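Undergrad: turn this into a model:
(one chain, ligands or ions: 1)
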Amino acid sequence: MATLAPSAAKTGTVDPLDVSRAELYRDDTWHAPFAEIRAKGGIHYTADSDYGPYWSVASYKPLVEVESLPDLYSSEAAGITIADFKEGVDVKMPMFIAMDRPKHTGQRRTVAPAFTPSEMTRMTQNIRDRTADILDTLPIGERFDWVDTVSIELTTQMLAILFDFPWEDRRKLTFWSDWAGDIELVKNDELRQQRLMHMFECGAYFKNLWDGKIGKEPTPDLISMMIHSDAMAEMDQMEFIGNLILLIVGGNDTTRNSMTAFAYGLDQFPDERAKLEADPSLIHNTVQEIIRWQTPLSHMRRTATQDTDLQGHAIKAGDKVALWYVSANRDESVFEDADMIRVDRPNARRHLAFGHGIHRCVGARLAELQISLLLEEMAKRRLRINVAGEPERVAACFVHGYRSLPVELSRY
Ligand code: HEM
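TA: A predicted model of the protein is given here:
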């Protein structure tokens, strides 16, 4: 029997299972409400929140079900985050992450060749060298911020290589990405307008880079690859810029926060760290496990295109559905001791941090490569990260990560 959603009218009370509240992420207290939603089947309706009424899908099985039905649960109807678009203060950039079939298929095809296994092989040495260069400048036994010195710098360098972006301007990528991914701005129209301005600035910068490559011989970077792709015929200029911004945002916070999770998470589980230090063949599995444990994007959003039933719950056409990867990746029915990092977890690869189905992360291989290279280069140098204070966490229910993390390095 389907249960009906309560009225979406303002109730005036806080739903304790409203998992969109920023403070849950700032204070790292999201575990309990999600565990409660999972215990009652993984689906919950919040009638009122900062983002209006929404459904939470927080267990593994129903989340996979929703992602497997992209015509019924649209990415295009109202975007991919829990925050609704607001005319005048938001950027409506066309991006294939927020498109449905068939348009999504054609546009994804323009960038997919940049992430093939052979492209990864081509980029490996460059990324390895840059990782090594950064590690070799780090002080031993002295406190520094891992986020800015390592995670941001490495991620930004990788994106600059991918786009053939002017090296000296690379921190602009970080700046634009931080603005683009900040859904907390929903509460402040003035800041939303500032974001709009920065996104235009970013668009203009990329338009320039694009103009510089038009009519030239192909080069092995994403902009040139997109220009010379057959599927390019399906894109107009706005879509081209929108998709470039998508790639910056997609590749930036996510990889950055996985790198910080590596530093923070293994320090929380010293026995597991010892296992990894003793056996570097565990690196590849550890990378998957860290991505699962962190889940750098807490959610993606879908909008129901028609009335439907989701495991006994009546979803109405137009309803907002938040897919909480951060919770599905802690689903005990799939991952034993899910709150623990286990470097040899047999099914770490089954995590949903990259999503599932037609929108599954196109950059997953590159992210995995970068994080693996970081772990490999750390292992070669026998470097251990010791957390020297509490991290400052991002206060938002979309990007799940860290603003800073004080650490000290030692050798083992
Ligand atoms: C899609 C997470 C790294 C580019 C996605 C989605 C997730 C995700 C959850 C699914 C969206 C959905 O189902 O609606 C992550 C995580 C990463 C990561 C956790 C790192 C650990 C990257 C990198 C890039 C990238 C390095 C590119 C440089 C994209 C793009 C999409 C996407 C373009 C859209 C795919 C589509 O709609 O078909 N990512 N991502 N991501 N990601 Fe990533």
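Undergrad: can you map out the helices along the stretch 101-250 of the chain?
TA: Counting by DSSP state H, counting those that start in this stretch, the stretch 101-250 of the chain has helices at residues 103-111, 117-137, 146, 153-163, 171-180, 189-213, 222-227, 237-268.
Undergrad: touching the ligand at all, the second one?
TA: Spelled out, that is helix 117-137. No. Judged by Cβ under 6 Å from any ligand atom, helix 117-137 makes no contact with the ligand; its nearest approach is 11.2 Å. All C-beta spots, glycine's among them, are computed from the backbone N, C-alpha and C.
Undergrad: could you do the longest one as well?
TA: Yes. For helix 237-268, a contact with the ligand is found by Cβ under 6 Å from any ligand atom, at 246-247, 250-251, 254-255, 258.
Undergrad: so which bits of the stretch 151-300 of the chain are right by the ligand?
TA: 246-247, 250-251, 254-255, 258, 291, 296-297, 300.
Undergrad: what's around the residue nearest to residue 59 when sequence neighbours are not counted, how many residues?
TA: In space, and not counting its chain neighbours, residue 59 is closest to residue 42: 2.6 Å by Cβ to Cβ, 6 or more residues apart in numbering. Burial of residue 42 is recorded as 24 neighbouring residues (other Cβ atoms under 10 Å).
Undergrad: kindly list the main-chain dihedrals of residue 42?
TA: phi 90, psi 0 (degrees, to the nearest 10).
Undergrad: and it, what does it touch?
TA: 57-63, 311, 328, 331 (Cβ atoms under 8 Å, 6 or more residues apart in numbering).
Undergrad: give me that answer again for 10 Å
TA: The neighbours of residue 42, taking Cβ atoms under 10 Å, 6 or more residues apart in numbering as the test, are 34, 56-63, 310-311, 313, 324, 327-328, 331, 333.
Undergrad: buried only: go through the residues you listed for me.
TA: Applying 16 or more other Cβ atoms under 10 Å to the contacts of residue 42, the neighbour count classes 34, 56-60, 62-63, 310, 313, 324, 327-328, 331 as buried.
Undergrad: looking at the stretch 1-150 of the chain, which residue is nearest the ligand?
TA: When distances are taken as Cβ to the nearest ligand atom, the stretch 1-150 of the chain reaches nearest to the ligand at residue 97, 3.8 Å away.
Undergrad: what values do phi and psi take at that residue?
TA: phi -60, psi -30.
Undergrad: related to what we said a few turns ago, which among the buried ones among the contacts of residue 42 are in contact with the ligand?
TA: Applying Cβ under 6 Å from any ligand atom to these, none is adjacent to the ligand.
Undergrad: any idea of the mean pLDDT for stretch 219-234?
TA: Averaging the model's pLDDT scores along stretch 219-234 yields 80.
Undergrad: what comes up buried for it?
TA: So for stretch 219-234, counting by 16+ other Cβ under 10 Å, buried means 221-227, 229, 231-232.
Undergrad: restricting to C-alpha, output that stretch in CSV.
TA: Taking Å, rounded to 0.1, in the frame of the first residue of the first chain, the C-alpha atoms of stretch 219-234 are listed here in CSV:
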residue,chain,number,x,y,z
THR,A,219,46.0,19.0,-29.3
PRO,A,220,45.6,16.4,-26.5
ASP,A,221,43.5,18.5,-24.1
LEU,A,222,39.8,18.6,-23.4
ILE,A,223,39.0,21.9,-25.2
SER,A,224,40.6,20.8,-28.4
MET,A,225,39.1,17.3,-28.1
MET,A,226,35.6,18.8,-27.7
ILE,A,227,36.1,21.2,-30.7
HIS,A,228,37.2,18.3,-32.9
SER,A,229,34.6,15.8,-31.7
ASP,A,230,31.9,14.6,-34.2
ALA,A,231,29.3,15.1,-31.5
MET,A,232,30.3,18.8,-31.3
ALA,A,233,27.8,19.5,-34.0
GLU,A,234,25.1,18.9,-31.4
